[in-house]
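Participant: what shape does this take:
(2 chains)
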Protein chains: 2
Amino acid sequence: MERIDFSNIKITGGFWKQKQDLVRDVTVRAVYDRFKDTGRFEAFKGDTSRFDPHIFWDSDVAKWMEGVAYLTSEKREPQLEAIVDELVDDIERMQDENGYFNIFFTVKEPENRFKYRDCHELYCAGHLMEAAVAYYQATRKRKFLDLMCKYADYIEERFVKKKDTDFVTPGHEEIELALVRLAECTGVMRYLELSKFFVNKRGTVLEGLTDWSQQMYNQSHMPVREQRTAEGHAVRAVYLYCAMADLALKYGDTALKDACKAIFDNIAEKRMYITGGIGSSHAGEAFTVDYDLPNLISYTESCAALGLALFAHRMLLLEKDSKYADVVERAIYNGFMSSISLDGKSYFYTNPLEVLPYMFTRDVSVSHYSIQLPAMQRFEVFDCSCCPPNIVRFIPSIANLMYTVEGDTLYVHQFMESEANIVINGKSVIVKQKTAYPVDGKVQISVSGGDIKIAVRVPEWCDSYEGKTKKGYMYLDLCDNKSVDLDFAMKAVLVEANPLVIADAGKYAVMRGPLVYCMEGVDNGSCIRDIRIDSNSDFILGDVSEFGAPVIKVNAYRRKATDKLYYTKADNYEKTVATLIPYYAFANRGVTEMQVWHLIK
Amino acid sequence: MERIDFSNIKITGGFWKQKQDLVRDVTVRAVYDRFKDTGRFEAFKGDTSRFDPHIFWDSDVAKWMEGVAYLTSEKREPQLEAIVDELVDDIERMQDENGYFNIFFTVKEPENRFKYRDCHELYCAGHLMEAAVAYYQATRKRKFLDLMCKYADYIEERFVKKKDTDFVTPGHEEIELALVRLAECTGVMRYLELSKFFVNKRGTVLEGLTDWSQQMYNQSHMPVREQRTAEGHAVRAVYLYCAMADLALKYGDTALKDACKAIFDNIAEKRMYITGGIGSSHAGEAFTVDYDLPNLISYTESCAALGLALFAHRMLLLEKDSKYADVVERAIYNGFMSSISLDGKSYFYTNPLEVLPYMFTRDVSVSHYSIQLPAMQRFEVFDCSCCPPNIVRFIPSIANLMYTVEGDTLYVHQFMESEANIVINGKSVIVKQKTAYPVDGKVQISVSGGDIKIAVRVPEWCDSYEGKTKKGYMYLDLCDNKSVDLDFAMKAVLVEANPLVIADAGKYAVMRGPLVYCMEGVDNGSCIRDIRIDSNSDFILGDVSEFGAPVIKVNAYRRKATDKLYYTKADNYEKTVATLIPYYAFANRGVTEMQVWHLIK
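Facilitator: A predicted model of the protein is given here:
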C-alpha cells in the first residue's frame, strides 16, 4: 500500500475548503503575528534582547514554516515565502560549522548541547527537518533542505558514530518520523537508518530519570517492539508510533507492525475519547489506564488528536482495515477540529469534553485552585505554543489522509470535495469527489483517464449501507468517465460508552455521522448536566451556516426548580428543547457550560 | 430555651451505647497510644527531643482530655484520670508566671508569642479551656480550671486591655465558644465579654493576609452580624457560628441571631452534602459556592460535620424549629459517624461521598498525581490529628443534643435509648426513651416524677406521621408514670438532590430514616457507577449485626459487557441485586469503590 501525497489533491469545496481558506486567510498570519509579538522570529536572528527563547521555540517556528510550505504547494504566497526564505537565511547564519542548529542552545547555553535528554533538541531538529522537506517539495528551493541534511549528518555523527552525547534517544520523539521523510525526500538511506537507530534504542538503555523524563512518560519503559499499550505523554507517544509504523513499512518489520497494531487497538478500544482526543490526564499530558476517560478534567491535547490521525492513517499502509480510517475521521472532525476557533484566530491546547465555568471560581476563600482544569476558551498564543502551528501545517495537508493505493485499487478513506491527480498502476487518472460531507453522507466519486478499482470505506457510524464489505471497505469497479454515488445516511443517534468507562455511566452522547455534538449553556441555560434528552424524540436538523454543520434540536426534560436541597424522588419534570451544536464549534460564543455526555429520559 | 447537659442523661442501650462503649473501651486508648507514639504527651513536659511539637498539638491533647472528662462523668476511669492529672501538673509547670500557656511557643519560639494570627495559639487556648471546664464538671478538681482562668485573664489583658498583640482576632476560631463555657462554669462574666470582644472584632479590622489567613478563609471578610453565607474553612466557620449562637442567646442579640439563622439556612439549603458533611473543597478545607457539592473530591472534614451538629443544636435554643435538629441528626448519623471505623481504632479526616481507587494510580507515567483526592481508608493518627480526639470528646457527650427545655415543656430532638434526670419547671423528673433508633423508628417516651409536656420532633424524612405539628414538633401531655409510643415508619427511599446540584444530576441516593446508604465494590463488584437501581423494586432489609443498622438489597441492572468503546444506544442490560450499607460503615472492609449517588432505571 502506498500513500498519496496531498500535493496531488486539490480540495475544491465544502467543509475542508472552508477550513483551508481560513488557515490561508487568517490563521497562518495570526500565528505569525503572535509568534512575532513573543520574540520567536527575532530569536532566529540571535536577538534575545526582548524575550528569552524557550527550548522548543525552534519547533514552533518550524511547524509554521512547514504550514507555509503546504499553503505554497497549493498556491504561491510570495509574502509568506519571503518570510520563510529570510528564516532559512537566519538558520544558515546561526547554524554551526559542524551542522548543529538550535537557537536556545546556541544563544543561551552552548555548553549544554546534547546534554539533557528532556531539552527537546532532537525534537526541534525533527520539526525543522519536516519543514525543510516540505519547503523543498513545495518550492524546489534546496537551501533549507541542505542545511537540515547537514544537521542530520551531525546528529548521526554524534549519536551513532562518536556516541559522545549525554543521552541516547530523544526525550521527546519527533525526529524519528522526520528522518523517514528526510530519507524519502533525499533518497539518503542513512537517515532512515538513523531513525531506526533512535527507535530501536528506545527502552533498551536506562536514561533520563529526572521528573519529566521518567521511563514510561516518554515511552522508554521497554523496547518498542515489546510495547502493547499506549503510555506516557500522548504527543510523544503518537509521534513515536508514527515512526514505528513508517519503519515497519519501510523495513517490512513485522515485530514493529505487531507493536503498532496492538498499541492502536489499545488506544481505539480503551483509551480514546469519543472525540478522538487522547491523553486523559493533566499529569504528564498523558495516557493513563484503560477506560479512564474523565470529561471535566480531560487533557486531550490538540497535537495528540492530530498525531493520532497521522498514526492511524499510517496504519492503513500496513493493514487494509477501515478501523484505522474511522479513527482518523473521528479525530479530525472532533478532537482536532475543536482546537481552532471558527474565526481562525485562537486555539485550544487542551480540548475538554465538559466545561463548568463555576469550577474556576468555586474556591472563593483561598487564592489558589485545587483542581487543574482545561481552559474554557481558546487563546491566541501559549508559552508552550506547539498546537497553533501544528494546526497551520495540518489543515493545508489534510488531504494526505484521503487516499492510499495498492495495485490497481484506489482506497478511499476520507470524503472531501476534491479533485486528485493520481497514478494508479502506472496510469494517471483524475479522481473527483463531490460531497457536502460531513453535512450529509452523499458522496459522488468519478474518474477520468482510465478504468480503476476503488475501495471505499463504509464509515463505522453508518448502519444503513447495504452491500458487501471487506474489513470495512466496499470494492467497486469504476470505469473511465463514470461515477459512483454513495449515500451514507447520516442520522443523529444516541451513543453510549463501554460500561467500563465510568465517567460516562448513565450518559449518552449525540453523534450524527462523524460529528460528535455537544450542548452549550449559551443555548440551553445553566445546569445543562440536569437536562435529559427525550430518548423517544426525533432529532431535528437546523441551520448549517453558523457552524458549518447542522445545529440539532431535540425534545428534552429538566427537573422543576425547588427550594429543597434533598427530597424523596419526585418525578417533577418540565419539558424543554435542547440545542446541540457540533463539538468542534464549542466555545465560540463566550464562556459557557458545555458537555458531550448527556442524561436521557 | 435551655440546654440539658449530657451529664444528666445516661445512654442505656442501642446504637449510641454501642458507640460510647467503643470509645470507652477502644478509641480513647487508641488515640492516647498514637498521640504518645508521636510525642504529643512528652511535649507537655517540655521534652521535644524525639519530635518537634506542632503549633496545634495542645489542642489535640486538650480534646483528648475533654473526652476523658466526659467518660469520667459517666463512670470513673482511674487510669485515664491519672494521665489527665499528670498532664494538668505538666501544664502547671510549663505555664508562664503571667498565665501564658502554649507548648510550641514556650519550647520552640517564645519570641513569637501572639505574633502570628494563623498560628493557632488562641485556638489551642480554647480547647484547653473546654477541657478544663469539662474536667472540673466531671471530677470537681479545680486545678486545671484555675490554670485556664489565669490564661484567660492573661489573654484578656493582652488583647483587650494592653492591645499589644500583633493580631486582634484568632486565625482559627474556637476560643470564642470556649470562653462562653468558661463563663458559664465559673460565673465570671468577663470571659463572656472577652468572647464577645473576639466575635465583634472579627471582620472589622484588616489583619492576617498571608496565604492561609485571607479574610474570607477565616470568616473575617465582613463583620459577623452582616454575614449571611457560610464561607471559608468549614471547621473555623462552624466553631465561630457556635459562639455567635451562644452570644446571641446570652445577650439577646437579634442581629447575631439573624446572622446565625441566615448562615444556617445557607448551609442546610445550599452547601451541605446529604451526609451532613460540609466544606466541599480541599483548597482551604472550605465552603465554596452554593450547590457545589462534588462527590469524588469532597473534603467534608469530620470536625466540620461534628461542628455543624454543635451549631445546629445551639440554634434550637434560639428558635423552636425542627430543621435544626434534622441537620443534627443528618450529621451525627452520617458525615460524622463515618469518621470512625467499626473497630474504633482508625479515623477519617475527610469523608468522601465517592471512592474510585483507580484514581490514585491512574497516572502511571509520572510520579505525582494531578488531583487531590480524599483518603480511601481511615488512619490511626494524622500529622494534623484534630479529628480523632474530637471523636473522643463528641461521642461520650452526644446526649447533649437530645433535649432542651422551655417552661414546662421538654423538647425531644434526638432519639436514643436513655434515662435522663431533668428539672422541668423546678420539678425533677426521670424521662426514659426506649428505642432501637436508627434501626427502626419506634420510640417510647416515659416520665416519672410528675406530669410534663413534651414536644417531639417529627423527623423530616418521616412522611407517615399523622398528627398536628408546629415547626416540626408535636406537642403532647405526658402524665406521671405514663408513656407515649411513637412510630416514625422507616422505609428505604430514593432521594434526589436539587437540580442545581450538578454533581448529583441524574442520580439518586438511598436513605432509610436518618441513614444515608452507600454501595461498595466489595459487595457489588467493580464499576458500581454503572449499576442502575430498579426504581420499581422493593428494598429488602437484611442483617443488622455487621454494621449496627440493616443492610439493604435491591434489584438493579448493569449494562452487559462489550468490546466496543462507543456504540449506538443498545439497551443491553442484565439483572443484578445491589447491596447497600449504611454510609457511616463504608471503608471497613479494605480499599474498594464506594458511592452515595446511584443511577436508577
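Participant: tell me the pLDDT at the spatially closest residue to A:Val484 that is not a sequence neighbour?
Facilitator: Using Cβ to Cβ, 6 or more residues apart in numbering or on different chains and skipping residues adjacent in sequence, the residue nearest A:Val484 is A:Ile445, 5.3 Å away. (C-beta placed from N, C-alpha, C; glycine too.) The per-residue pLDDT reported for A:Ile445 equals 98.
Participant: tell me the helix or strand right after the helix or strand A:Ile445 falls within.
Facilitator: Assigned by DSSP states H and E, A:Ile445 falls within strand A:442-448. Remark: after strand A:442-448, the chain's next helix or strand is strand A:452-457, criterion DSSP H and E.
Participant: can you name the residues in contact with that following strand?
Facilitator: Residues from elsewhere that reach strand A:452-457 (Cβ atoms under 8 Å, 6 or more residues apart in numbering or on different chains): A:320, A:322, A:325-326, A:408-414, A:424, A:427, A:429, A:431, A:443, A:445, A:447, A:472-478, A:484, A:486.
Participant: tell me the strands beside that strand, with direction?
Facilitator: Paired strands of strand A:452-457, with direction, are strand A:409-412 (parallel), strand A:473-478 (antiparallel) (DSSP bridges).
Participant: how far off centre is the first one?
Facilitator: Same thing as strand A:409-412. In terms of Cα atoms, centre = their mean, to the nearest Å, the centre of strand A:409-412 is set 23 Å apart from its chain centre.
Participant: helix or strand right after that strand?
Facilitator: Assigned by DSSP H and E, the successor of strand A:409-412 is strand A:418-424.
Participant: now for that next one, which elements pack on it?
Facilitator: strand A:9-11, strand A:403-406, strand A:409-412, strand A:427-435 (3 or more Cβ pairs under 8 Å, 6 or more residues apart in numbering or on different chains; DSSP states H and E).
Participant: residues of it that come out buried?
Facilitator: Neighbour-count burial for strand A:418-424, counted by 16 or more other Cβ atoms under 10 Å in any protein chain shown, picks out A:Ser418, A:Glu419, A:Ala420, A:Ile422, A:Ile424.
Participant: just stretch A:93-107 next, same as before
Facilitator: Here stretch A:93-107 shows A:Met94, A:Gln95, A:Gly99, A:Tyr100, A:Phe101, A:Asn102, A:Ile103, A:Phe104, A:Phe105, A:Thr106, A:Val107 as buried, counting by 16+ other Cβ under 10 Å.
Participant: ok, and what's touching it?
Facilitator: Counting by Cβ under 8 Å, 6+ apart, A:43-46, A:48, A:53-55, A:57-58, A:91, A:112-113, A:119, A:121, A:124-125, A:128, A:147, A:150-155 sit against stretch A:93-107.
Participant: got it, and stretch A:143-154?
Facilitator: Residues contacting stretch A:143-154 (Cβ under 8 Å, 6+ apart): A:65, A:84, A:88, A:91-92, A:95-96, A:98-101, A:125, A:128-129, A:131-133, A:135-136, A:179, A:182, A:185-186, A:188, A:190-191, A:194.
Participant: could I have the buried ones of those as ChimeraX selection syntax?
Facilitator: To isolate the buried members of the contacts of stretch A:143-154 in ChimeraX, using 16+ other Cβ under 10 Å:
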select /A:65,84,88,91,95,99,100,101,125,128,129,131,132,133,135,136,179,182,185,186,188,190,191,194
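Participant: so of the contacts of stretch A:143-154, which ones are in helices?
Facilitator: A:65, A:84, A:88, A:91-92, A:125, A:128-129, A:131-133, A:135-136, A:179, A:182, A:185-186, A:190-191, A:194 (DSSP state H).
Participant: what about the residue nearest to A:Val484, neighbour count?
Facilitator: Applying other Cβ atoms under 10 Å in any protein chain shown, we find 21 residues neighbouring A:Ile445.
Participant: residues contacting it?
Facilitator: Contacts of A:Ile445 (Cβ under 8 Å, 6+ apart): A:Val412, A:Val431, A:Lys432, A:Gln433, A:Ile454, A:Val456, A:Leu478, A:Ser483, A:Val484, A:Leu486.
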